[in-house]
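Asker: turn this into a model:
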Amino acid sequence: MTHPLNRTLLLLDIEKFSDRDDVEQTYLRRMLYDVVERVLESAGIDQTLHLRADRGDGVLVMIDANASLPLLLRVLLSEAPAQLREVNRMASSAAQIRLRAVVATGFVSVDAVDGWVGTDLNQACRLLDADTLRAALREGSSDIALCVSESVHAGIVRHDHQGIPADSFHPVTVQSKNGPLKAWLHGPLPTGASTAPPAQDPAPAPARQQDRAAAEGGGAVEFHGTNSGVVAGRIDGPMIQGGVINGGVTFNGTRGDGR
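Answerer: Purely as a prediction, here's the structure:
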């Protein structure tokens, strides 16, 4: 297995692919790869700067970190929607192609059988399959719904580069089998999208005074014996031992009633 290298990850998936017959699926796959080719070419990413993995109903592109990520995002936000509109304009209703897209960054290794391995890659795949992204495409007017990872937002999107308006991205928290993931969705939030951070365990209730005393090495106070040691409202004695007052504590009143 190769050493992990930092990569840009582009993942694309065709909406409702399994609902189509074999002829329609073949056509949609051809259109998908045409769109990918044009996106990469427009972003200046040639054959020497990327690898591809076919996903049947989608494609995963692993891009060299030296390629321009801002340029790739600008192409996905402007040219890709236009390309899809052009394709769908000439296609029948059964052959309409709409895409979910994720852009992420992270460390990925290539194993002995050319498989790709990496936690960052796994998380990108979880974002691609998230219900939030599916709903954004289903409810949106564009033929592509784009989500970026937290690292892409922090490194690129939030800086409001030309052609990448930061205010058009919204934070979302998506659920996955590995726990909640924070990401940023382009465009309007779909119905029911979670924008809250992952829930934290509730803070413990404030400890009672005696509990705090016990935690700090003390404990509940116990009075042993009769009132023979109480003189003029003062417990006489030299020390406190084991949580038992032997003396040295003054009461405000002259009589102890057990409260």
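Asker: going by C-alpha atoms from here, please, whenever you check contacts or count neighbours.
Answerer: Will do.
Asker: strands of the stretch 101-250 of the chain, residue ranges please.
Answerer: 116-117, 144-149, 169-174, 181-186, 230-231, 234-235, 240-241, 244-245, 249-250 (DSSP state E, counting those that start in this stretch).
Asker: and the ones you listed, which one is worst for confidence?
Answerer: Of all the strands of the stretch 101-250 of the chain, the minimum mean pLDDT falls on strand 230-231 (a mean of 44).
Asker: in this structure, what helix or strand scores lowest on average pLDDT?
Answerer: Least confident helix or strand of the chain, by mean pLDDT, DSSP states H and E, is strand 230-231 with a mean of 44.
Asker: all the helices of this protein, in order from the start?
Answerer: 22-42, 69-89, 119-128, 131-139, 150-155, 209-215 (DSSP state H).
Asker: look up how far residue 63 lies from residue 37.
Answerer: 13 Å (Cα to Cα, to the nearest Å).
Asker: neighbour count for these two, which is higher?
Answerer: residue 63 (24 against 15; other Cα atoms under 10 Å).
Asker: the more buried one touches residue 7, doesn't it?
Answerer: Yes - if you go by Cα atoms under 8 Å, residue 63 and residue 7 touch, sitting 5.7 Å apart.
Asker: surely residue 5 meets residue 108?
Answerer: Yes - at 5.6 Å, residue 5 counts as touching residue 108 under the criterion of Cα under 8 Å.
Asker: so between those two, which is more surrounded?
Answerer: Neighbours per residue, other Cα under 10 Å: of residue 5 and residue 108, the larger number sits with residue 108, 22 against 14.
Asker: and for stretch 163-182, what's in contact with it?
Answerer: For stretch 163-182, contacts defined as Cα atoms under 8 Å, 6 or more residues apart in numbering pick out 70, 73-74, 77, 123, 126-127, 130-132, 149-150, 157-160, 183-189, 193-198.
Asker: just the pLDDT for residue 175.
Answerer: We have a pLDDT of 84 for residue 175.
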